[in-house]
Every structure is written in C-alpha cells, then in structure tokens.
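Asks: What would the 3D arrangement of this be:
(one chain, ligands or ions: 1)
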Amino acid sequence: MINESYKIFITVKNMAYYWFKSFHIIGVVVWFAGLFYLVRLFIYHIEAEQEPEPAKIILKKQYQIMEKRLLNIITTPGMLVTVFCAIGLLITQPNYFKQIWLHFKLGFVVILLAYHFYCARLMKLLENGKCNWTSQQMRAMNELPTLMLVIIVMLAVFKNSLPTDITAWLFFGLVILMVVTIQLYARKRRLDKEKLLAQIEQIPQQ
Ligand code: HEM
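Replies: Residues are numbered from 1 along each chain as shown. Just a heads-up that it's a prediction; the model follows:
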C-alpha cells in the first residue's frame with residue numbers, strides 16, 4: 001500500500017516537473033519577446049521627438065499606449081510565469097539548489113530582473129518627458145538581454161559542464177560579432193538618413 005502511494009507520488013511529482021518546465025520555457029519566450037519589443041518602442045518614441053507637430057504629439061501618445069500595454073499584458077506576465085514556474089521546478093527538484101550552475105544562473109537572472117524594472121522606470125520617464133537617453137544609447141541597451149539570453153540558456157542546458165574550450169569561445173565571439181554588426185548597421189542607416197535630410201534641406205524651395 002505504502003509502495004503504491006509512493007509510486008503515485010513520484011508520478012505526480014514528475015508530471016508537475018514537466019508542466020513547470022514547459023511553462024517555464026513558454027514564459028521565457030513571452031518575457032523576452034516583450035523585453036526586445038519594449039526597448040524598440042522606446043527607440044521610436046525618442047525618435048518621434050524629431051518629427052514636426054502635430055505628428056510628434058500623435059506618435060508619442062501612440063507609443064505610450066503601446067508601451068504600457070506591452071509591459072502590462074505581455075512582458076510582466078511573461079516574467080511572472082517564468083519565475084513562478086522556476087519556483088515550481090525547484091520545489092519538485094530541490095537537489096538543483098546544491099548545483100553551482102543554478103547559482104550562476106540566478107545571478108544573471110537578477111541582472112535580467114533589474115533590467116526589466118529599469119525598463120518600466122524608463123517608460124515612466126518617457127511618459128513624463130524626463131528621459132535623457134538618445135535612441136543610439138537605447139539601441140545599445142537592447143543588446144544586454146540578448147547577452148543574458150545566451151548565457152542563461154547555455155547554463156540551463158549545459159549546466160555544470162558548460163564548455164570553455166575553443167568551440168565555446170568561437171561561438172561566444174560569433175554572438176558578440178552579431179551584436180556589433182547590428183549596431184554598426186543601425187549607425188550606417190542613421191548616418192545615411194541624416195545625409196539624405198541634409199540634401200533635402202539644400203534643395204531650393206519652389
Ligand atoms: C527565475 C529564475 C530561474 C530559475 C530558478 C530557473 C531554474 C530552472 C530549472 C531548475 C530548470 C530545469 C533544468 C532541467 O531540468 O534541465 C530550468 C530550465 C530552463 N530554464 Fe530556467 N530558471 C530561471 C530563469 C530562467 C530564465 C530567465 C531563462 C531564459 C533566459 C531560463 C531558461 C531555461 C531553459 C531554456 C530551460 C530548459 C533547459 C533544458 O531543458 O535543458 N530560465 N530553469
């Protein structure tokens with residue numbers, strides 16, 4: 001009888017673990033989709049400042065609405081699902097607490113949570129017209145979650161056997177190259193746009 005109850009307990013515990021793990025991963029996808037898009041909206045919001053009236057007012061109002069909805073309906077719920085399911089994972093598999101990879105992972109998650117709440121603060125500053133960030137700085141900031149994503153997922157998958165050999169460093173270099181290329185491409189597009197606008201300004205008015 002005790003044996004049978006124990007078997008049922010283990011089956012329920014394992015099933016709970018799979019449910020938590022599935023929704024942990026779903027939460028991560030939703031959270032990151034929200035974080036990436038939110039900062040993209042901040043970039044457009046800041047760039048709207050250069051538009052003439054009344055486009056400026058209309059655009060800024062629209063971005064404010066989009067940012068609020070994105071944060072409250074997608075990004076924060078994604079974060080909560082990730083964290084609650086992670087707690088569920090640790091309750092069903094408490095031996096993970098003793099593993100060093102998890103301690104490192106938690107350290108990076110704390111940075112990610114700080115980033116999330118800082119984005120919420122930036123949203124408020126933008127709403128009140130008190131944000132001093134340029135769109136270029138915002139673009140650079142948007143690379144931080146990419147880096148966190150790569151490190152955290154690799155820690156979750158490789159765990160204590162996280163590779164530190166040449167292949168791993170090449171892979172890491174590739175990710176950094178990708179991030180730098182995106183920044184350089186954005187810079188080139190901005191410079192091209194500025195050049196075009198300067199040329200338009202030089203055309204004599206009819
Ligand atoms: C809130 C803090 C978090 C804790 C305590 C936590 C804990 C865990 C645990 C215990 C597992 C199960 C590992 C396994 O059974 O293989 C797991 C899986 C996973 N976690 Fe997290 N996690 C957290 C946040 C995150 C974040 C922010 C990400 C993404 C950036 C993430 C990505 C993953 C992935 C992709 C897996 C699946 C790994 C696999 O099945 O091989 N986790 N997490």
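
Asks: okay, CA-based contacts and neighbour counts for the rest of this
Replies: Noted.

Asks: Toward the C-terminus, what is the element adjacent to the top helix by length along the chain?
Replies: In the chain, ranked by residue count with DSSP state H as the criterion, the top helix is helix 2-47. Where DSSP states H and E defines the elements, the next helix or strand beyond helix 2-47 is helix 55-69.

Asks: close to the ligand, is the next helix or strand after that following helix?
Replies: Sequence order places helix 76-92 as the next helix or strand after helix 55-69, per DSSP H and E. Yes - if you take CA under 6 Å from any ligand atom as the test, helix 76-92 does meet the ligand, through 83, 86, 87, 89, 90.

Asks: Tell me the helices and strands packed up against the lowest-mean-pLDDT helix or strand in the chain.
Replies: Least confident helix or strand, the chain: helix 166-202 with a mean of 84, by mean pLDDT, DSSP states H and E. Contacts defined by 3 or more CA pairs under 8 Å, 6 or more residues apart in numbering; DSSP states H and E place helix 166-202 against helix 135-141.

Asks: what does the helix it packs on contact?
Replies: For helix 135-141, contacts defined as CA atoms under 8 Å, 6 or more residues apart in numbering pick out 39, 40, 42, 43, 44, 46, 47, 183, 187.

Asks: Now that helix: buried residues?
Replies: Buried residues in helix 135-141, counted by 16 or more other CA atoms under 10 Å: 135, 136, 138, 139.

Asks: so how far is the ligand from the last one?
Replies: When you say that, I think you mean residue 139. 20 Å (CA to the nearest ligand atom, to the nearest Å).

Asks: And the pLDDT at that residue?
Replies: We have a pLDDT of 90 for residue 139.

Asks: From residue 100, how far off is it?
Replies: Relative to residue 100, residue 139 is positioned 33 Å away (CA to CA, to the nearest Å).

Asks: just residue 28 next, same as before
Replies: As for residue 28, its distance to residue 100 is 21 Å (criterion: CA to CA).

Asks: Tell me who's in contact with residue 123.
Replies: Counting by CA under 8 Å, 6+ apart, residue 123 has contacts 42, 64, 67, 68.

Asks: ok, the buried residues of helix 135-141 vs residue 173, which is closest?
Replies: residue 139 (19.9 Å; CA to CA).

Asks: what about the residue nearest to residue 13 when sequence neighbours are not counted, how many neighbours?
Replies: Distances taken as CA to CA, 6 or more residues apart in numbering place residue 92 nearest to residue 13, at 6.2 Å, with adjacent residues excluded. Using other CA atoms under 10 Å, residue 92 has 19 other residues around it.

Asks: same deal with residue 45?
Replies: For residue 45, the neighbour count with other CA under 10 Å is 23.

Asks: if we can go back for a sec, of residue 28 and residue 100, which one has the most company?
Replies: residue 28 (20 against 12).

Asks: Show the contacting residues for the residue lying closest to that one once chain neighbours are set aside.
Replies: Closest residue to residue 28 apart from its sequence neighbours, by CA to CA, 6+ apart: residue 82 at 5.7 Å. Contact partners of residue 82, counting by CA under 8 Å, 6+ apart, are 23, 24, 25, 26, 27, 28, 31.

Asks: Cheers, nothing more for now.
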